[in-house]
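Visitor: missing the sequence, but the structure's below:
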């Protein structure tokens, strides 16, 4: 089943985290992470994508990344903090995305590696410009994001259906 206008999904890895004596879930952002999260937010704003929804892991570093990035956007989308994104595999992330309502056109997922990078690789059956080459060369460092587009309902999101439109990392 196709949709009238392609949907967009941005897969956004949390910014650089610190390593204090806390559980992994409670790790905060490092100073560089706070800077990079704001820069990533400006780059997301520059993309011009009107986000309907942001899905954010419940980990401290993802919540802090989103709090700093969203301040740079012209419109604050509805945000859902989703426990299942923390430590999720690409398949588990697809399951979360398959549950999205059809009225959500453009979404942003703020999560963790290796799941976010794996999901970008798995979904992108095609790539525009040199986005895939840059993503392959750079990997998916902290605060990086990939922009994908696909012509289906959220239930139809599966490996290979998307086009990788863009990729950005803080040192790009």
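Guide: The structure has been received and is ready for your questions. No experiment lies behind these values; they were computed from the predicted model shown.

Visitor: ranges for the strands of the protein?
Guide: In the chain, the segments counted as strands under DSSP state E are 7-13, 53-56, 78-81, 106-111, 124-127, 145-150, 162-168.

Visitor: and the second one, average pLDDT?
Guide: In this model, strand 53-56 has a mean pLDDT of 98.

Visitor: parallel or antiparallel, list what pairs with it.
Guide: Strands that pair with strand 53-56, judged by DSSP bridges, come out as strand 78-81 (parallel), strand 106-111 (parallel).

Visitor: gap between it and the chain center?
Guide: Mean C-alpha position of strand 53-56 versus that of the full chain (Cα atoms, centre = their mean, to the nearest Å) differs by 9 Å.

Visitor: what's the burial count for residue 99?
Guide: Look at residue 99: counted by other Cβ atoms under 10 Å, it has 11 neighbours. Just so you know, the C-beta spots here come from the backbone N, C-alpha and C atoms, and that holds for glycine as well.

Visitor: what of residue 62?
Guide: Applying other Cβ under 10 Å, we find 29 other residues in the vicinity of residue 62.

Visitor: ok, for it, nearest residue in space, not its chain neighbours?
Guide: Residue nearest to residue 62 in three dimensions, not counting chain neighbours: residue 14, with 4.4 Å by Cβ to Cβ, 6 or more residues apart in numbering.

Visitor: hang on, the earlier thing: how about the strands of the chain in CSV, adding distance to residue 63 and mean neighbour count?
Guide: Formatted as CSV, the strands of the chain follow (distance: least, Cβ to Cβ, whole Å; neighbours: other Cβ atoms under 10 Å):
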stretch, distance to residue 63, mean neighbour count
strand 7-13, 13, 25
strand 53-56, 6, 22
strand 78-81, 7, 14
strand 106-111, 8, 24
strand 124-127, 27, 18
strand 145-150, 16, 24
strand 162-168, 21, 22
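
Visitor: could you dump those strands to CSV with distance to residue 93?
Guide: Shown next, in CSV, are the strands of the chain (distance: least, Cβ to Cβ, whole Å):
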stretch, distance to residue 93
strand 7-13, 8
strand 53-56, 9
strand 78-81, 14
strand 106-111, 7
strand 124-127, 14
strand 145-150, 12
strand 162-168, 13
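
Visitor: any idea how far the residue lying farthest from the centre of the chain is from residue 60?
Guide: When each C-alpha in the chain is compared with the mean C-alpha position (Cα atoms, centre = their mean), residue 21 comes out farthest, at 27.0 Å. Residue 21 is 14 Å from residue 60, where distance means Cβ to Cβ, to the nearest Å.

Visitor: ok so, going back, right, so of the strands of the chain, which gets closest to residue 87?
Guide: strand 106-111 (9.2 Å; Cβ to Cβ).
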